[in-house]
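Trainee: mind folding the following:
(one chain, ligands or ions: 2)
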Amino acid sequence: MEHGPVGTPAVIDPARPTGESAGAAVERLTRWCDDFPVSGVRFADLTPVFADAAGYRSVLDGLVAVAGDVDLVAGLDARGFLLAGGVALRLGTGVLAVRKAGKLPPPVHGREYVLEYGTARLEIPAAGIDLTGRRILLVDDVLATGGTLRAATELLESAGAVVPAAAVVLEIVALAGRAALGGRPCHSLVQV
Ligand SMILES: O=P(O)(O)OC[C@H]1O[C@H](OP(=O)(O)OP(=O)(O)O)[C@H](O)[C@@H]1O
Ligand SMILES: Nc1ncnc2[nH]cnc12
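Mentor: Residues are numbered from 1 along each chain as shown. Ligands and ions are numbered 1, 2, ... in the order given. Next up is the predicted model:
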């Protein structure tokens, strides 16, 4: 990034390669938080990765590279939204927010699921968008136990969509999320 005189906006060249891999950016910038949100959980917070221009670009590049043939990108509430919009823009598709419960006006399709630290429910609109036959890439920041991605996949499938694959930035291998996905393809850019 180049800076002009003080007070002028930074100039960003979108074509310039950052030179840093997604793996290096995630390792450099991920904030690991012990006992969050509950005791015993070591939480991977990728917020600093996305707030870093090189980091954000490298993870978007990585997700786009594994996206495959899809016509819609869906992001998981909440950090998945930051990724899905960028990936969709690069792929030339639309973007769908898969929301946590209570955020969307009815009617909705919903699905409960279990995470490392509790239970939750995901929802998508049941009106206004026809997902029948749509090929959807699911995008999120972290694959941990797999409960979120599994529920989102089942939710989209129940609405008639096809989910050829999911893609995440970071996979926490010890939490065995991949097994919970029951063989459904999931690309992860970085595994810890
Ligand atoms: O593989 P799993 O065990 O299901 O966990 C992965 C999910 O957990 C985190 O989200 P969280 O539900 O904490 O929500 P947030 O993005 O709103 O913080 C993360 O962003 C994933 O969406
Ligand atoms: N350890 C963890 N870090 C980030 N997101 C998570 N979701 C579930 N477990 C998580």
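Trainee: ranges for the helices of this structure?
Mentor: 22-29, 47-51, 53-65, 79-91, 147-158, 177-180 (DSSP state H).
Trainee: check whether the second one comes near ligand 1.
Mentor: Think helix 47-51. No - shown here: helix 47-51 not in contact with ligand 1 (C-beta under 6 Å from any ligand atom), separated by at least 9.5 Å. All C-beta spots, glycine's among them, are computed from the backbone N, C-alpha and C.
Trainee: so which residues of the chain form strands?
Mentor: 31-34, 42-45, 72-76, 94-100, 108-115, 118-125, 135-143, 162-171, 186-191 (DSSP state E).
Trainee: still on that earlier bit, quick one: closest of the helices of the chain to residue 115.
Mentor: Among those, the nearest to residue 115 by C-beta to C-beta is helix 147-158 (5.1 Å).
Trainee: what's the closest one packed up against?
Mentor: With contacts taken as 3 or more C-beta pairs under 8 Å, 6 or more residues apart in numbering; DSSP states H and E, helix 147-158 sits against strand 72-76, strand 94-100, strand 108-115, strand 118-125, strand 135-143, strand 162-171, helix 177-180.
Trainee: pull out the buried positions in that helix.
Mentor: Residues 147-153, 155-156 are the ones in helix 147-158 that count as buried (16 or more other C-beta atoms under 10 Å).
Trainee: could you give the angle of that helix to strand 94-100?
Mentor: 120 degrees (axes from the mean of the first three to the mean of the last three C-alpha atoms, to 10 degrees).
Trainee: write out the residues of this protein neighbouring ligand 2.
Mentor: Residues of the chain lying near ligand 2 (C-beta under 6 Å from any ligand atom): 41-44, 115-116, 142, 144, 172.
Trainee: which residues does the residue nearest the centre of the chain bridge with?
Mentor: The centre of the chain sits closest to residue 140, judged by C-alpha atoms, centre = their mean, with a distance of 1.6 Å. Partner residues in beta bridges with residue 140, using DSSP bridges, are residue 168.
Trainee: so what's it up against?
Mentor: For residue 140, the contacting residues are 75-76, 79-80, 83, 148-149, 166, 168-169, by C-beta atoms under 8 Å, 6 or more residues apart in numbering.
Trainee: change it to 10 Å
Mentor: With contact taken as C-beta atoms under 10 Å, 6 or more residues apart in numbering, residue 140 is in contact with 63, 74-81, 83-84, 98, 148-149, 152, 166-170, 186.
Trainee: ditto for residue 152
Mentor: 74-77, 80, 98, 111, 113, 122, 124, 136, 138-140, 163, 166 are the contacts of residue 152 under C-beta under 10 Å, 6+ apart.
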